[in-house]
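Novice: Sequence first, then the predicted structure:
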Amino acid sequence: MATPRPASATPTHVQVDEDVRGIVAGAVMVALTERLHDTALRIRLKSVEVKSREGAAQNLEGIGEYRPAAQNEWTSFRFSTRYVPGEGSATYPVLDFGQSASTPLRVLNDPVLIGELETRVCDQIAKDSGVREVRLQFDDIQTERNPGGGLDISADARADVGVDTGRRTHIEGSYDERARRWINVNYLFNIPDRLTGGR
């Protein structure tokens with residue numbers, strides 16, 4: 001004879017209500033914007049389900065689609081987050097674009113973009129350090145195409161900042177090819193936990 005399930009057992013695959021759906025959509029939008037470097041994204045959530053419960057907290061998972069402003073096609077993704085009804089907020093969601101999209105595509109470095117990146121970093125370092133001239137010598141440069149189609153460039157370099165020469169520097173920049181503009185540029189000197197610059 002089969003043992004009946006307790007009445008208090010937690011049901012799975014239960015769709016959340018519209019209020020929770022809106023809260024989750026807001027959290028997903030923030031995460032997608034930061035991940036894809038696109039502030040004009042459109043998203044739609046196809047499902048938001050309760051996967052499990054831990055006390056009052058609900059572990060949610062779902063499927064959504066996003067579309068960049070300059071494209072007509074929607075791209076699917078999965079997400080998971082944690083929602084506590086009493087707090088009325090969802091944690092920063094985990095995004096899953098699938099195996100093909102989760103790994104950025106390595107592409108060739110564009111000399112023009114590298115030159116622009118160098119100029120921006122030198123100008124920012126000069127402004128932050130109060131010196132007139134900054135020179136960079138790149139040791140390593142890598143360019144990857146992110147799931148949103150933009151380019152993420154990371155580089156290790158040595159910076160001559162006034163009389164302070166050969167200062168190890170890590171550089172990161174994100175470039176939107178469609179809009180032909182830099183989303184952000186940051187540099188990090190070899191001082192732990194100190195990120196400077198950025199524009």
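Specialist: Perfect, thanks for sending it.
Novice: any idea which residue sits dead centre in this structure?
Specialist: Within the chain, one residue has its C-alpha closest to the average C-alpha position: by Cα atoms, centre = their mean, that is residue 35, at 2.2 Å.
Novice: I figured it was touching residue 94, is that so?
Specialist: No - the pair residue 35 and residue 94 does not pass the contact test of Cβ atoms under 8 Å, sitting 10.8 Å apart. Quick note: C-beta positions are derived from backbone N, CA and C, even for glycine.
Novice: you'd agree the residue nearest to the centre of the chain is in a helix?
Specialist: Yes - counting by DSSP: H, G, I helix; E, B strand; the rest coil, residue 35 is found in a helix.
Novice: how far away is it from residue 23?
Specialist: Computed as Cβ to Cβ, to the nearest Å, the residue 35 to residue 23 distance reads 19 Å.
Novice: cool, and residue 170?
Specialist: When Cβ to Cβ is applied, the distance between residue 170 and residue 23 equals 36 Å.
Novice: Which of these two has more residues huddled nearby?
Specialist: Neighbours around residue 170 and residue 23, counted as other Cβ atoms under 10 Å, are more numerous at residue 23. The numbers are 19 against 15.
Novice: Assign that one to helix, strand or coil.
Specialist: At residue 23, secondary structure determined by three-state DSSP is helix.
Novice: List the residues that contact it.
Specialist: For residue 23, the residues meeting the contact criterion (Cβ atoms under 8 Å, 6 or more residues apart in numbering) are 83, 88-90.
Novice: how does it look with 6 Å?
Specialist: Contacts for residue 23 were tallied using Cβ atoms under 6 Å, 6 or more residues apart in numbering; they are residue 90.
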